[in-house]
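Enquirer: Fold the following, please.
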Amino acid sequence: GGNMFECQAVARQMIIAVKPVMDRVKDAEVRDQLKRASLSVLLNIAEANARRGKDRANRFGIAEGSAREAEEAVWTAIAWGFVNKDQASELLALLDRVIAMLVRLRFPRKK
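Expert: Next up, the predicted model:
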């Protein structure tokens, strides 16, 4: 499936999964980036759900960009040794899912 309310539910799981990862990141810039980007995913999806047409697609686009930023912040945290792949695996899986759903929501297949 891939409706927008399912997407919001996955984003809510992601915002829960990001906290333990964020708490381990000792670099303020990476931690803040992860926090800001993941929050932006959730808020832009919520906002998109209240919009129509092009405005909605734009919000989903912003959310997708933020999810990709959050993903890079997680990879940086792994590369710099703040978290290991096991500790970040659930979060990365949820970010992957949310990105895939956002792409589908932005570019719905024509019936």
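
Enquirer: Find the centremost residue of the chain, please.
Expert: A67 (3.4 Å; Cα atoms, centre = their mean).

Enquirer: Just confirm it contacts R97, I think it does.
Expert: No - assessed by Cβ atoms under 8 Å, A67 is found out of contact with R97, at 9.6 Å. Every C-beta, even on glycine, is put in place using the N, C-alpha and C of the backbone.

Enquirer: Just give me the neighbour total for K85.
Expert: Number of residues near K85 (other Cβ atoms under 10 Å) recorded here: 10.

Enquirer: The nearest residue to it once chain neighbours are set aside: how many residues sit nearby?
Expert: Nearest non-adjacent residue to K85, counting by Cβ to Cβ, 6 or more residues apart in numbering: I78, 6.0 Å away. For I78, the neighbour count with other Cβ under 10 Å is 16.

Enquirer: Run through the residues that contact I78.
Expert: Contact analysis of I78 by Cβ atoms under 8 Å, 6 or more residues apart in numbering lists N84, K85, A88.

Enquirer: roughly how far apart are L92 and R52?
Expert: From L92 over to R52 the distance is 32 Å, taken as Cβ to Cβ, to the nearest Å.

Enquirer: Between those two, which is the more surrounded one?
Expert: Taking other Cβ under 10 Å, L92 and R52 do not tie; L92 has more neighbours (18 against 8).

Enquirer: looking at it, the more buried one is touching A73, isn't it?
Expert: No - the criterion here is Cβ under 8 Å, and L92 misses it with A73 at 11.0 Å.

Enquirer: mind listing what the residue nearest to the centre of the chain touches?
Expert: A37, S38, V41, L95, V98, I99, L102.

Enquirer: Tell me the one of those residues nearest I16?
Expert: S38 (10.2 Å; Cβ to Cβ).

Enquirer: how about the helices of the chain, start to end?
Expert: With DSSP state H as the criterion, the chain has helices at 4-24, 28-48, 53-79, 85-106.

Enquirer: want to throw those helices into a markdown table with mean pLDDT?
Expert: Shown next, in a markdown table, are the helices of the chain (pLDDT from 0 to 100):
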| stretch | mean pLDDT |
| --- | --- |
| helix 4-24 | 96 |
| helix 28-48 | 97 |
| helix 53-79 | 96 |
| helix 85-106 | 96 |
